[in-house]
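> Okay, here's the prediction I keep looking at, along with the sequence it came from:
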Amino acid sequence: MSILDTLSFVANHPLNRERKLQSMVRFLKWQIGSSLSPGTTVHNWINGSKFYVQRGETALTGNIYTGLFEFADMGFLLHFLRGQDLYVDVGANAGSFTILACSVVGARGIAFEPVPSIYARLVNNVELNDLSQRVVCVNKAVGAEVGRIAFTSRSGATNHALATNEACIDSISVEMTTLDSALANEAPALLKIDVEGFESAVVKGSTETLGADSLKAVIMELNGSGSRYGFVEDQIVTEMFRFGFESYCYDPFLRELTRIDGKNLESGNTIFIRDASFAKERVQSAVAVEILGRLV
């Protein structure tokens, strides 16, 4: 993303549209500060939550600029989850969604991150928020089978499983599990799958998890990256429908879930819901959260 694209994204983000000047000040403050004092700093986030961040960590710096980098999906998570729930994060990266689920909301969490250096960032953020008793961090990839798989290691938030014949000089071998194996005795209420195109493999290894009555919603990245593995995302949507889910988009300001046909074409993520009345009651009754001076 170019600097102009970044500035446009920040200024037009739903939490910044009415306060564009403040958003630009926030952006410039981080850019200048992180240039003059490079290294890791602590950013105070929402309701006492915080995270370690350093220059170049797109997902985390996006939260600094916008409050909620992935506004609709993060807003849905904040409104849908409750403290008694289990949240499962597949492709947790440094832990933005996990922090929201388990620090801000107070849910229990299981977070999967395969790349050791990124996994260390996840663990550090979990410990920073005193979540070690509430969140289990798992240093494994998730896919269709148990075994090992080659992974990129220096692509930050876009690290991914290597496709057949894909070249990578910094590839590493990581352990892989399936959700059905890893969650055999668990009952998640919300599942997030963000694995840079490997979602089809995750779904294939999650038939029992996806079929469980406890699982009411799934946030899944469907941005076309599956083509590198020969996956067709329409097939994922069909499979989710087969499990009884329907696809939705979400407006956190209005607390409205709107059913859509297929994947969300306006976003890289799609929200799948199995029990619409349950989900709608939850989001409408959730306690508001203050983010950048606005209630969401």
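Received the coordinates, thanks.

> buried sites along whichever strand or helix holds F278?
Using DSSP states H and E, F278 sits in helix 276-285. Within helix 276-285, the residues scored as buried using 16 or more other Cβ atoms under 10 Å are 279-280, 282-283. C-betas here are computed from N, CA, C, even on glycine.

> Show residues contacting stretch 241-257.
Residues from elsewhere that reach stretch 241-257, judged by Cβ atoms under 8 Å, 6 or more residues apart in numbering: 14, 71-73, 75-76, 78-79, 210-211, 218, 237, 240, 258-264, 266-267, 270-274, 276, 279-280, 283-284, 286, 296.

> Strands - which of these land there?
218, 258-259, 270-273 (DSSP state E).

> Now the buried members of those.
218, 270-273.

> pLDDT value on S155, please?
At S155, the pLDDT value in this model is 84.

> burial count for it?
14 (other Cβ atoms under 10 Å).

> And the most centrally placed residue in the chain, its phi and psi?
Closest to where the C-alpha atoms of the chain average out (Cα atoms, centre = their mean) is F97, at 5.0 Å. For F97, the backbone dihedrals (degrees, to the nearest 10) come out as phi -70, psi -40.

> Any figure for the gap between the spatially closest residue to R26 that is not a sequence neighbour and H13?
In space, R26 comes closest to Y65 once its chain neighbours are excluded; the distance is 6.0 Å by Cβ to Cβ, 6 or more residues apart in numbering. In this view, Y65 and H13 are 8 Å apart by Cβ to Cβ, to the nearest Å.

> Please enumerate the shared neighbours of those two.
Joint contacts of Y65 and H13 (Cβ under 8 Å, 6+ apart) are S23.

> which of the two has more neighbours?
Using other Cβ under 10 Å as the criterion, Y65 and H13 rank with Y65 on top: 23 against 19.

> Please settle this for me: is that one part of a helix?
Yes. The assignment for Y65 is a helix, going by DSSP: H, G, I helix; E, B strand; the rest coil.

> can you pull the contacts of it?
Contacts for Y65 (Cβ under 8 Å, 6+ apart) come out as 10, 13, 16, 23, 26-27, 30.

> now do 7 Å
The contact partners of Y65, by Cβ atoms under 7 Å, 6 or more residues apart in numbering, come to 10, 23, 26-27.

> and if you look at V135?
Contacts of V135 (Cβ under 7 Å, 6+ apart): 98, 102, 109, 111, 126.

> Please narrow those residues to those residing in helices.
In this view, the contacts of V135 that belong to helices under DSSP state H are 98, 126.
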